[in-house]
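A.B. asks: pasting the structure only:
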C-alpha cells in the first residue's frame, strides 16, 4: 500500500491515456473508496455512473473534448434534496459530499496505478440528455480512466504550490 502523503504528491492530472484495458476490479476498488467516503450525517447524497458502453463513450466527445481516449469514465453527481443542510445558515452540503466521494475515487485510481483527471468542463445539459439516468442530479465531475500513456507526465502547474504561509494560519 502506498504512503498517503507520497500518493498525494505523486498523483497528477493525467491527460494522456494508453489503450491498455483496465481491469474491472481496479475500478470497483475505486468505487468502493467513494462509497466509504465520509459525508455530512452520512447522507451520501451523490451518485456515480460508470460509463463503459462504447456507443455512449463515443458520444461523450460531443459533450466534452476532455475524455483523453478513455474507454471507461465515471461521472459523479449530487442530489441537493438528499443532503444535510446546516441549520445555522441553510448551507446545503451536497456539493461538498460529492466532492469528498469523488476525491476518494480519484486517489484510489492513482493508488491502483491508473491515470485520470478531474474534468469539470463538460456540457451538463447535453450530458443529461445523453444520460437520462442523471436527471435530478447536479453533475459535478467526469473522470476518464485508463493507464497513463508511456509519455504521460504532469503539467508544469502540478509542481506550483503556494507556500504554507499563504494557505494556513496556525491559531
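C.D. replies: Arrived safely, thanks for sending. Note that the structure is predicted; figures quoted are calculated from it, not measured. Numbering: from 1, shown residues only.
A.B. asks: make it CA atoms for all contacts and neighbour counts henceforth
C.D. replies: Noted.
A.B. asks: which SSE is the one residue sitting closest to the centre of the chain in?
C.D. replies: Geometric centre of the chain, nearest residue: residue 102, 4.3 Å, by CA atoms, centre = their mean. Using DSSP states H and E, residue 102 sits in helix 94-111.
A.B. asks: got the contact list for the residue nearest to the centre of the chain?
C.D. replies: Counting by CA atoms under 8 Å, 6 or more residues apart in numbering, residue 102 touches 34, 76, 141.
A.B. asks: so what pLDDT did the first one get?
C.D. replies: Which is residue 34. Looking at residue 34, its pLDDT reads 98.
A.B. asks: if we go by neighbour counts, what in the helix or strand containing it is buried?
C.D. replies: Element membership for residue 34 (DSSP H and E) is helix 24-35. For helix 24-35, a neighbour-count test (16 or more other CA atoms under 10 Å) marks 26-27, 30-31, 33-35 as buried.
A.B. asks: number of residues surrounding the residue nearest to residue 8 when sequence neighbours are not counted?
C.D. replies: Distances taken as CA to CA, 6 or more residues apart in numbering place residue 107 nearest to residue 8, at 7.7 Å, with adjacent residues excluded. The number of residues packed around residue 107, counting by other CA atoms under 10 Å, is 21.
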